[in-house]
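In: got a sequence here, can you model it:
(2 chains)
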Amino acid sequence: MRHLYRLENGIARAEGFALCALVLGMVLLSSLQIIMRLAFHSGIMWADPMLRYMVLWAGFIGAALAARYGRHFCLDLAHKFLHGGLGRAARAGSSLVSAVVCVLLINAAWKFLMEEKANSVVSFSIGSFEVMAAWTEFILPLGFALILFHTVIGVFRPEEA
Amino acid sequence: MSWLIGAIVLLLAIVGAPVFSIIAGGALYAFHRAAIDSSAVIIEMLRLASMPALIAIPLFTFSGYVLAESNSPKRILRLARAMFDWLPGGIAAVALVSTALFTAFTGASGVTIIALGGLLYPILREKGYPENFTLGLLTTTGSLGLLFPPSLPIILYGLVAKVSIDQLFRAGAIPGLFLLVLLAVYAIWTGRRAGVKSSPFSWKELGLAARESIWEIPLPFIVIGGIYLGWFTASEAATVMAFYTLVVEVFIYRDLSLTGDIPRVVRESMMLVGAIFVVLGTALGFTNYLIDQEIPAAIFTWLHSFVTSKYAFLVILNAFLLVVNMIEIFSAIIIVVPIIAPVAAQYGIDPVHLGIIFLLNLEIGYMTPPLGLNLFLSSRRFDAPLTKLYVAVFKFWLMLLAALLVVTYFPSMSLWLLN
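Out: Here you go, the predicted structure:
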């Protein structure tokens, strides 16, 4: 179990790095777009689609971290009013539900991604370089896999102070 | 069968299953029953990537967290005190204006009570405002300002309801100011009765406070002014604000360090964004299924058989929204809006006006006993039992409810600035 916790910490750190890179990248790239528009009445062709996928990646990696720190929206009546064994049981039950749903979503996302790959769908182009949908959309199965991972570990993780 | 499913959903919600997993489970089940492949849920989810204004959500959230983590709450408060504290009961006006501004800019995620409430509470008490009034006021102000740009719930509403975000920003101005004035009048009146003393006005203090916040003063003018004047769209305003706050707080004030604090702020803000995104993404599939099954039309037909008047419908709508919004705010927008909007349209309600009604309900929902989020935040921040807060907010709650009725039945208040 200790190795798993260590692995999870490593993954959470990597998620944090990725988020910083994505957020700073979004701020700089979208600022550049505005400056280009105001100063030269032009813009970078691929910047807008690129930004949209950066938003998607940042959102789903954020969702993975939110699973680690228990930040997903829930009715949390149980968390507010149930304590002790009953509260732990409710938390384990809710984690189980989310784990099952994540498995189904990973399966659905993977099937979809394979179809996109088979059809060689292109998300957008940077000059003559084609950015494949299979890469930009890879965040969907990956994101749900990370949520699943954090959720499952979370059942066993001792409560932090 | 549908009762059984309803019972399962309710049970899952009560044990605290994340909202996204309940919706995704529902969507997967619905598609399975309709013999549609489960990858359809993913196709709907990917519509997230084609929403052009979606970038406004992460960027505004990030800038709001940057502001909240810096010393800007202290600077805003000092400036507001230098400006208004000399008025009789002015300190309450200080509280209202500074929290409204702060909530608008930090996206009403509850940070106002944590960041500003803690600073305001001792000041209000020291000036002589009664304890119950102070607790009630600060709990209420936790969501005040939600109707002003660039608040996150407005942006989310616009995205989900497919209403122009710029128009919603304009429509929210007068109802938002109306609420602010209403509460200010009550606060000043209470201050007079409690014998609250005002401080002498000092040009020197005003000058010092203004010089201290010289870099933050332009921000509302750039963002709010820029949107109202049509210089840039909501998502461009988000970019401008993110860039500006990052430069100002990290390189000019040096309140936050780029390597020490910013990574934490990024993680915190993106966790909120991620939580919103997975609910939004899974709900796109689910609500689309409901619309395909013509559920809104069925609700309208059923409702119209005993509620024919638009005004009666609005009463029912408000009661329903108050309960829903008290429970979970962001999810409420994402799930309820796509179903309610077509029903309201059939009753002849303007979509922008509906947005303002919805958001005002949200603002009230935040402080509605027993489950409103502000109550829990205040209880933690001010170390007060929940039951005490229920009593403390009651008068404020009634006042906001009265304001809601006015905003509901005078659509021109919301729509006036659109023309």
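
In: what residue ranges in chain A are flagged as low confidence?
Out: Low-confidence regions of chain A, defined here as pLDDT under 70, cover residues A:76-80, A:159-161.

In: max-length helix in it?
Out: The residue-count maximum for a helix in chain A (DSSP state H) belongs to helix A:2-40.

In: next structured bit after the helix or strand harbouring A:Ser95?
Out: Assigning secondary structure by DSSP states H and E places A:Ser95 in helix A:84-118. Taking DSSP H and E as the definition, the helix or strand that follows helix A:84-118 towards the C-terminus is strand A:122-126.

In: and that following strand, what other elements does it pack with?
Out: helix A:47-68, strand A:129-132, helix A:133-136 (3 or more Cβ pairs under 8 Å, 6 or more residues apart in numbering or on different chains; DSSP states H and E). (C-beta placed from N, C-alpha, C; glycine too.)

In: out of these, flag the one nearest B:Ile43.
Out: Of all the helices and strands packed on strand A:122-126, it is helix A:133-136 that lies closest to B:Ile43, at 11.6 Å by Cβ to Cβ.

In: by contact count, what packs against that closest one?
Out: Under the contact definition 3+ Cβ pairs under 8 Å, 6+ apart, helix A:133-136 sits against helix A:84-118, strand A:122-126.

In: so which of these has the densest surroundings on average?
Out: Between the helices and strands packed on helix A:133-136, helix A:84-118 has the highest mean count of neighbours, a mean of 18, where neighbours are mean count of other Cβ atoms under 10 Å in any protein chain shown.

In: make TSV out of the helices and strands packed on strand A:122-126 and add mean neighbour count and distance to B:Ser378.
Out: Below are the helices and strands packed on strand A:122-126 laid out as TSV (neighbours: other Cβ atoms under 10 Å in any protein chain shown; distance: least, Cβ to Cβ, whole Å):
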stretch	mean neighbour count	distance to B:Ser378
helix A:47-68	24	24
strand A:129-132	13	48
helix A:133-136	19	43
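
In: check whether the helix holding A:Ser95 comes near chain B.
Out: Yes - applying Cβ under 8 Å from any Cβ of the partner chain, one finds helix A:84-118 in contact with chain B at A:90-91, A:93-94, A:97-98, A:100-102, A:104-105, A:107-109, A:111-112, A:115.

In: between that helix and helix A:47-68, how many degrees?
Out: If you take axes from the mean of the first three to the mean of the last three Cα atoms, to 10 degrees, helix A:84-118 sits at 150 degrees to helix A:47-68.

In: relative to strand A:122-126, how tilted is helix A:84-118?
Out: 70 degrees.

In: not counting sequence-adjacent ones, nearest residue to B:Met367?
Out: Leaving out its chain neighbours, the residue that sits closest to B:Met367 by Cβ to Cβ, 6 or more residues apart in numbering or on different chains is B:Asn374, at 4.5 Å.

In: spatially central, which residue of chain A would that be?
Out: A:Phe60 (1.9 Å; Cα atoms, centre = their mean).

In: ok, the residue nearest to that one when sequence neighbours are not counted - how many residues close by?
Out: Counting by Cβ to Cβ, 6+ apart, the nearest residue to A:Phe60 once its immediate chain neighbours are dropped is A:Gly143, at 3.2 Å. Residues lying near A:Gly143 (other Cβ atoms under 10 Å in any protein chain shown) number 28.

In: flag every residue of the stretch 151-300 of chain B that's near chain A.
Out: Contact residues of the stretch 151-300 of chain B with respect to chain A, defined by Cβ under 8 Å from any Cβ, are listed as B:232, B:235-236, B:239-240, B:242-243, B:246, B:262-263, B:266-267, B:269-279.

In: which element follows the strand or helix carrying B:Ala332 toward the C-terminus?
Out: Taking DSSP H and E as the definition, B:Ala332 sits inside helix B:329-346. Heading C-terminal from helix B:329-346, the first helix or strand you meet, by DSSP H and E, is helix B:351-365.

In: does that following helix come close to chain A?
Out: No - judged by Cβ under 8 Å from any Cβ, helix B:351-365 and chain A are separated, with a smallest distance of 13.9 Å.

In: beyond that helix, next helix or strand please.
Out: If you walk from helix B:351-365 toward the C-terminus, the next helix or strand you reach (DSSP H and E) is helix B:373-381.

In: could you pull out the buried residues of that next one?
Out: B:373-379, B:381 (16 or more other Cβ atoms under 10 Å in any protein chain shown).

In: how about the nearest residue to residue 23, chain neighbours excluded?
Out: In the absence of a named chain, this looks at chain A. Distance criterion Cβ to Cβ, 6+ apart; nearest residue to A:Val23, sequence neighbours excluded, is B:Val266 at 4.9 Å.

In: other chain: chain B
Out: Distances taken as Cβ to Cβ, 6+ apart put B:Thr282 closest to B:Ile23, at 4.6 Å, once the chain neighbours are dropped.

In: from A:Thr151, how far out is that neighbour?
Out: Relative to A:Thr151, B:Thr282 is positioned 15 Å away (criterion: Cβ to Cβ, to the nearest Å).

In: and the two? Which one has more around it.
Out: B:Thr282 (27 against 24).

In: what helix or strand is the more buried one on?
Out: Counting by DSSP H and E, the element that carries B:Thr282 is helix B:262-292.

In: list the helices and strands the following helix or strand past that helix packs on?
Out: Per DSSP H and E, helix B:262-292 leads on to helix B:295-304 as the next helix or strand towards the C-terminus. Applying 3+ Cβ pairs under 8 Å, 6+ apart, one finds that helix B:295-304 makes contact with helix B:329-346.

In: which parts of the helix it packs on are buried?
Out: Judged by neighbour count using 16+ other Cβ under 10 Å, the buried positions of helix B:329-346 are B:329-338, B:340-344, B:346.
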